[in-house]
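In: The amino acid sequence is not available; the structure is as follows:
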């Protein structure tokens, strides 16, 4: 267990996604996760910044859900990294990490559906950047 590895888990990124996001080889990500190579201050800052952004986005979504009342919520997820990037996330894993925070913090029933699968999810995703 390493501080980098814990941030990686909290972010929701896979090692492959982290490598692409941080522009670091997959073998270096593996070494930093296992502790055979120290993560640089810059890498740790990038991971902390991503996690802070996930926390902020989740807080906004939670506030919107609370305002909507107890109705069932459809949360549209990106199908691939390209779609996640169009929403402003570096990859699907980053979106997943944000969405997990939303689900953990609300008691409203949430259904995950492919983004744009219904008219409601397409409109909501466009409005809220989810």
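Out: On my side now, so go ahead. Only a predicted model underlies this, so the values are computations on that prediction, with no experimental measurement involved.
In: before we move on, what SS does residue 90 have?
Out: Using DSSP: H, G, I helix; E, B strand; the rest coil, the structure places residue 90 in coil.
In: Where does pLDDT dip in this structure?
Out: Residues of the chain meeting the criterion pLDDT under 70: 70, 117-130.
In: quick one: the helices in it?
Out: Taking DSSP state H as the test, the helices found in the chain are 3-11, 15-22, 26-34, 41-68, 81-86, 92-105, 119-128.
In: and the fourth one, what does it pack onto?
Out: Just to be clear, that refers to helix 41-68. helix 3-11, helix 15-22, helix 92-105, helix 119-128 (3 or more C-beta pairs under 8 Å, 6 or more residues apart in numbering; DSSP states H and E). Every C-beta, even on glycine, is put in place using the N, C-alpha and C of the backbone.
In: Which residues belonging to the shortest one are considered buried?
Out: Residues 15, 17, 18, 19, 20, 21, 22 are the ones in helix 15-22 that count as buried (16 or more other C-beta atoms under 10 Å).
In: Show me what it is packed up against.
Out: Using 3+ C-beta pairs under 8 Å, 6+ apart, helix 15-22 sits against helix 3-11, helix 26-34, helix 41-68, helix 92-105.
In: mind redoing it with 7 Å?
Out: If you count contacts as 3 or more C-beta pairs under 7 Å, 6 or more residues apart in numbering; DSSP states H and E, helix 15-22 packs onto helix 26-34.
In: so what does the helix it packs on touch, helix or strand wise?
Out: helix 3-11, helix 15-22.
In: Next, give phi and psi for the residue nearest to residue 84 when sequence neighbours are not counted.
Out: Leaving aside its chain neighbours, residue 84 sits nearest to residue 78 (4.0 Å; criterion: C-beta to C-beta, 6 or more residues apart in numbering). Backbone torsions for residue 78, taken as degrees, to the nearest 10, come to phi -70, psi 140.
In: For residue 78, which residues are in contact?
Out: Residue 78 is in contact with 84, 87, 92, 95, 115, counting by C-beta atoms under 7 Å, 6 or more residues apart in numbering.
In: cool, residue 55 as well?
Out: Residue 55 is in contact with residue 101, counting by C-beta under 7 Å, 6+ apart.
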